[in-house]
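>>> sharing a model prediction with you, sequence too.
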Number of protein chains: 6
Amino acid sequence: MHIRVINPNTTRAMTDLIGRSARVVAAPGTVVDAVQPTMGPASIESHYEEALAVPGLLEQIALGEADGVDAYVVACFGDPGLDAARELAHGPVVGIAEAAMHAAALLGRRFSVVTTLGRTRARARELADRYGFREACVAVRACEVPVLALEDPGALARLTAECRRAVEQDEVDAVVLGCAGMAAWCAAIADEIGVPVVDGVAAGTVLAQSLVALGLRPSTRGEYARPPDKPMAGLLAGFEIRADAVLPVAVA
Amino acid sequence: MHIRVINPNTTRAMTDLIGRSARVVAAPGTVVDAVQPTMGPASIESHYEEALAVPGLLEQIALGEADGVDAYVVACFGDPGLDAARELAHGPVVGIAEAAMHAAALLGRRFSVVTTLGRTRARARELADRYGFREACVAVRACEVPVLALEDPGALARLTAECRRAVEQDEVDAVVLGCAGMAAWCAAIADEIGVPVVDGVAAGTVLAQSLVALGLRPSTRGEYARPPDKPMAGLLAGFEIRADAVLPVAVA
Amino acid sequence: MHIRVINPNTTRAMTDLIGRSARVVAAPGTVVDAVQPTMGPASIESHYEEALAVPGLLEQIALGEADGVDAYVVACFGDPGLDAARELAHGPVVGIAEAAMHAAALLGRRFSVVTTLGRTRARARELADRYGFREACVAVRACEVPVLALEDPGALARLTAECRRAVEQDEVDAVVLGCAGMAAWCAAIADEIGVPVVDGVAAGTVLAQSLVALGLRPSTRGEYARPPDKPMAGLLAGFEIRADAVLPVAVA
Amino acid sequence: MHIRVINPNTTRAMTDLIGRSARVVAAPGTVVDAVQPTMGPASIESHYEEALAVPGLLEQIALGEADGVDAYVVACFGDPGLDAARELAHGPVVGIAEAAMHAAALLGRRFSVVTTLGRTRARARELADRYGFREACVAVRACEVPVLALEDPGALARLTAECRRAVEQDEVDAVVLGCAGMAAWCAAIADEIGVPVVDGVAAGTVLAQSLVALGLRPSTRGEYARPPDKPMAGLLAGFEIRADAVLPVAVA
Amino acid sequence: MHIRVINPNTTRAMTDLIGRSARVVAAPGTVVDAVQPTMGPASIESHYEEALAVPGLLEQIALGEADGVDAYVVACFGDPGLDAARELAHGPVVGIAEAAMHAAALLGRRFSVVTTLGRTRARARELADRYGFREACVAVRACEVPVLALEDPGALARLTAECRRAVEQDEVDAVVLGCAGMAAWCAAIADEIGVPVVDGVAAGTVLAQSLVALGLRPSTRGEYARPPDKPMAGLLAGFEIRADAVLPVAVA
Amino acid sequence: MHIRVINPNTTRAMTDLIGRSARVVAAPGTVVDAVQPTMGPASIESHYEEALAVPGLLEQIALGEADGVDAYVVACFGDPGLDAARELAHGPVVGIAEAAMHAAALLGRRFSVVTTLGRTRARARELADRYGFREACVAVRACEVPVLALEDPGALARLTAECRRAVEQDEVDAVVLGCAGMAAWCAAIADEIGVPVVDGVAAGTVLAQSLVALGLRPSTRGEYARPPDKPMAGLLAGFEIRADAVLPVAVA
């Protein structure tokens, strides 16, 4: 089984971190690789950056289809381009916000999300609602550490402090980490705060693996059917979307 | 007052149609122009196409800011890139699905949407939910005419028939047309079916005009503040996003 | 275009204030007048007063129909009698709570309402839910200044302070003023608190104007059809409701 | 214990019918009388008529307070003026839609309402939502018999047929009759359709009686406190609303 | 009329208290008795204990059917086994959480619940949602006094203090007591806090009595029909469930 | 890793079938066994039977704790006793309705459930709501084949026909099988109807395995803490619940 984790931003260090986090939890026979797009923002903390990350992400899905990838994990907590990616891929595509929230919901009744900047809280809230966790996700909190500063001294302490506030004030059964860049800290924070802590990169990897093990592929009819064939100016011109496959355009 | 209507697809004939529909309802002192992006799909009927339309749309917003545009209308019923566009623009940005649904809601209690292909129904449903019209929008119907075939013989008849079914089966106080390409048919269908019919291009134009008249500009703090400054690979490289403005990058 | 703004209470000074606020935002060709009922309470701060304001409001609608009015604005934040008024009028009828909430929703994702007395908060909440803004309207706050004391010294300061708390505690993209009597203070408060502030009288005026510009009239079938003809004891006896019009009863 | 059932319309025959239906289910020691207003419509089948019924209803509440009534039932399925009545009365006020829906909800999980004219369905739906029965009330149906024609030949058959459709198509555990004028037919229809049938007049009477037996009176603070004292032009001028009581104005 | 109140735990003192509370509010002609199961926990403060209380409760329903009981009240605020009990009984079965919430909802718009241990709050919240009171029930609070310590010195003071916080912080029109063991304190707390206080044992008794007075019995078709006949190992082996009755198994 | 699948009914053939279905999808290193209770009903098709299945299920959890089981799957589509089981177990407990719905939700936007008898539909609906899938689960259908007749000739055809109706009428992206006894038919039906079909036994197994792989254990504080220590009459008397473990009672 081949699972590809796509970091939708263009920062190599995050791609490497994400790959490591995913491989730790994968089953023995599962091959996991991690890639990143050739275009787009260095990190995603606004609707603008999320929108500009999506074409590069979709290009990676198209490349993955040529490589025979079985399932994809989209490793940004805004779950950018998830619906579009599902139209391209023949196997499951799982977002890390989606995966983390599903895993948290399976542990109990209530969870909180702790994300990076306050301005991204509304997007996490929107995703919780979209996935059915309006009641289960009792709060979305921010530690106000930017994505690219998560490795800085003091960042882990601020994040842990906010996770602890979630436990004390939100009465939750689990805490969800709201950024792929927090993946390495999952166990350390759980030890500190005494409730389960869910990292979406790991959760996305095992859930994608689960769907493949169940033999489940997205429906090819209705909303998620392949897009209709039509002219596309200037973006992803190197691929052709057919009803049954995504193909690289042959070079003359 | 200068309102710019952006057709997010790259089909010139639709841009022209949209411009005409917008100008008909604008107040005497309001200048309305219609533009389209330089990159992206010929029409938008899938999540994939919607995602690839957004970078070109955002480029038009950035160009509009340099032109001193007062408000924008995003003229595709999927309201692509609306949140991202609000981060860039200093004035209001209104989507046509949003505008049409608000206008329909002001007329009574219940409305139905009639859109093009069935596969786009879920996106319209999602937008209705997002804007607060889960109860008001009682059905989203499809006439199964593709966007670029709306001018074909028989298309109007199929669309009108589906609108009539909405009146008869959904008990609605209004019908919303679910595609910018249907803008010219609004009055004709209303005459046929006997309930008000709302076109989003016209509705978006008068609502954008209304917000400007009220002196209302989106908040510059919180979710819709300008995006943080950071490297962006390969897309919209010709602009710089500052906290107070979007600027074209000076050519040496 | 003739828009009539109806102050549903019987206090002349408020009617004058409301008329001025409406005229400021109307387009050049639009005639705006402001009227008040001949019966009912001096201000509306309870369900009891709201109920007793409605007959006089409906009388004004009936008189407006005889005058050929194109659209009405009901200028009390409880939106009294809105459904009943829609059954009488041939053109749009817009409530100011409705209008202000729609305008605020078009600016972003979240808004708060700041109203007069705490006891009216539940009604504002109920209207937010009715119009679809259960999620968007994150809080309804009260400054505890009665309607008829809004002109007193200190009232503006209390109102502004509560609006500032909304920005700081509710993380909103806009604030909605919860009383027609606050209409004149909209810009001043917006300058103080740094987010857009929406006044319903102005919003109602431009939205009513927009619906007329779009050629949209409420449906004449279903819930909002003219009421059936039947005996009415003691109230509004001077009018006859026919299927196609409201007529003053001829005096022998 | 003294319970007063108020028919909010001005048709004497309905008041008598309602009184009989209420007395049948009252406990031995409970005195039940039935009254009607001096002003307002002959029946209530529109928002307009409902609005004009409320002043007369409130006058009856004020008179009831002078009579020492312990609890009131508002016997029209639109529950007109319920919030306003609660501000005036020192004891419980129960609407018949409210009562019937609560009773039906106590019997199982799902119920349907069968009302008179289709145009009143939206109001019943709105009440179901307001009272918390959005999920429980699976359908609101209309038999298209006007209120004042419920005694005509064929009316019972049409109503029964619609109730049977509710059982067959809606999979409900109970049917609620959507008009006070249907009160006498409750048992006959239940025998025909084989599921419990709830009449709001009877349900309102026993629920009002229950609240009095529990010693529960509405709160005198917050939303339902007595209205503030202020001038009222032309309506209910014969009463004075004080913080602790409603008093008839003394005649000089 | 014979109403049986079932205390689902095995503590005799609570059964006696519950019986007294029920008899106080019953109408003169109503016989009320109180019973408890022969198996199960001494009190119910966890999902585990609730689950183990249900077989004994159902045994009491089966015995009650043999005794010709007209209606049952299940006197634990978790409403254990309510759906199952409705499948067995030919008459109404009312839970005390259900009853108290319905009664509180009839008094106004908003109520809070004050329960025993914090760990039971989620169950009360779940019931409020199930019964339709997601909006009406604004908070579920805990006084952190275990069920079997409610008679201890200081317990009433803690409970009253929490009820007062509900009034001050939740802006409620009523407070619901969240445990059958609090039944005797209802009036005393109401006097202290100045808003109506609802005890579920009393409310359940009068509501069960009301349903019987209305002649309403649960539907015998659909979800609440008698269970299908099949082997049952080790539990409730002394009864046979037939389509029309529950019968004690004849001893050879 | 040791996963135990518990069939909550007492029919051995179903336990064997469930065990086989679970083992097929488990990862190589995972040990899966299947057990059933010593008391309770032969199958579960009513609230009554579900309630009587729970004590035996909880006994199996207690035995599993003594055996060092890492995670449990509760293999009945009503997810009986799930909350109670989570209070006892130190590792994850997953219900098959829960698991199947989560898996289906990860595949797209909409799914339908096809269950056995119509009377169980309400329970499945209730679970969908509880888990957050009110919108995603667009219909719950019944094939009207009893659980113990699923192996009879014709049963598969009826089930497949109902699944096909779900695809055609509900516009779903996946179908969920609503009974553990349907586990073996998953792939065959998927081939027939052309959309993914989800079996909860398999889904529960891989999701339980995923949670263990992520190192996630339910929180030991709040709602799911171990139950308080107290007398328990007649049920599960062979175990002692301590704060840190479930222990078999030592025999003297």
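Noted; the coordinates are in hand.
>>> hey, where'd the strands end up in the stretch 1-150 of chain A?
For the stretch 1-150 of chain A, applying DSSP state E, counting those that start in this stretch gives strands covering A:2-6, A:31-35, A:40-41, A:71-74, A:93-95, A:111-115, A:137-142.
>>> tally of neighbours for whichever residue of the stretch 51-200 of chain A sits closest to chain C?
Ranked by Cβ to the nearest Cβ, the top residue of the stretch 51-200 of chain A for proximity to chain C is A:A122, at 5.7 Å. From N, CA and C alone the C-beta is placed, and that goes for glycine too. Using other Cβ atoms under 10 Å in any protein chain shown, A:A122 has 20 neighbouring residues.
>>> which one is it nearest to, not counting chain neighbours?
B:E223 (4.5 Å; Cβ to Cβ, 6 or more residues apart in numbering or on different chains).
>>> for the one you found, give me its contacts.
A:47, A:119, A:121-123, B:83, C:108-109, C:173 (Cβ atoms under 8 Å, 6 or more residues apart in numbering or on different chains).
>>> what pLDDT does the model give A:R221?
As predicted, A:R221 sits at a pLDDT of 87.
>>> just checking, it touches F:V195?
Yes - between A:R221 and F:V195 there is a contact at 6.9 Å, judged by Cβ atoms under 8 Å.
>>> the two: who's more crowded?
With neighbours defined as other Cβ under 10 Å, A:R221 and F:V195 compare such that F:V195 has more, 24 against 14.
>>> using the three-state scheme, assign that one.
coil (DSSP: H, G, I helix; E, B strand; the rest coil).
>>> contacting residues for it?
Counted by Cβ under 8 Å, 6+ apart, F:V195 has contacts A:219, A:221, F:167, F:172-175.
>>> now it. Nearest residue, chain neighbours left out?
Per Cβ to Cβ, 6+ apart, closest to F:V195 is A:S219, 4.6 Å.
>>> what do you get for A:D173?
Nearest to A:D173 is A:G108, by Cβ to Cβ, 6+ apart, at 2.9 Å.
>>> close enough to count as contact, the one you found and F:L82?
No - A:G108 is not in contact with F:L82 according to Cβ under 8 Å; the separation is 10.6 Å.
>>> nearest to chain B: which residue in the stretch 151-252 of chain A?
For the stretch 151-252 of chain A, Cβ to the nearest Cβ, closest residue to chain B: A:G234, 3.4 Å.
>>> state the distance from the closest residue to that residue other than its chain neighbours to chain E.
Spatial nearest neighbour of A:G234, chain neighbours left out: B:M39 (3.4 Å); criterion: Cβ to Cβ, 6+ apart. Distance from B:M39 to chain E, counting by Cβ to the nearest Cβ, to the nearest Å: 46 Å.
>>> and for A:G132?
With Cβ to the nearest Cβ as the criterion, A:G132 and chain E are 14 Å apart.
>>> now do the residue nearest to that residue when sequence neighbours are not counted, the pLDDT please.
Excluding its sequence neighbours, the residue lying closest to A:G132 (Cβ to Cβ, 6+ apart) is F:G132, at 3.0 Å. Note for F:G132: predicted pLDDT of 97.
>>> might you report the residue contacts of F:G132?
So F:G132 contacts A:105, A:131-136 (Cβ under 8 Å, 6+ apart).
>>> swap in A:E126?
Per Cβ under 8 Å, 6+ apart, neighbours of A:E126: B:R130.
>>> and A:T115, how many neighbours does it have?
29.
>>> from chain B, how far off is it?
Per Cβ to the nearest Cβ, A:T115 is found 12 Å from chain B.
>>> hang on, that residue packs against A:A124?
Yes - taking Cβ under 8 Å as the definition, A:T115 is a contact partner of A:A124 at 5.5 Å.
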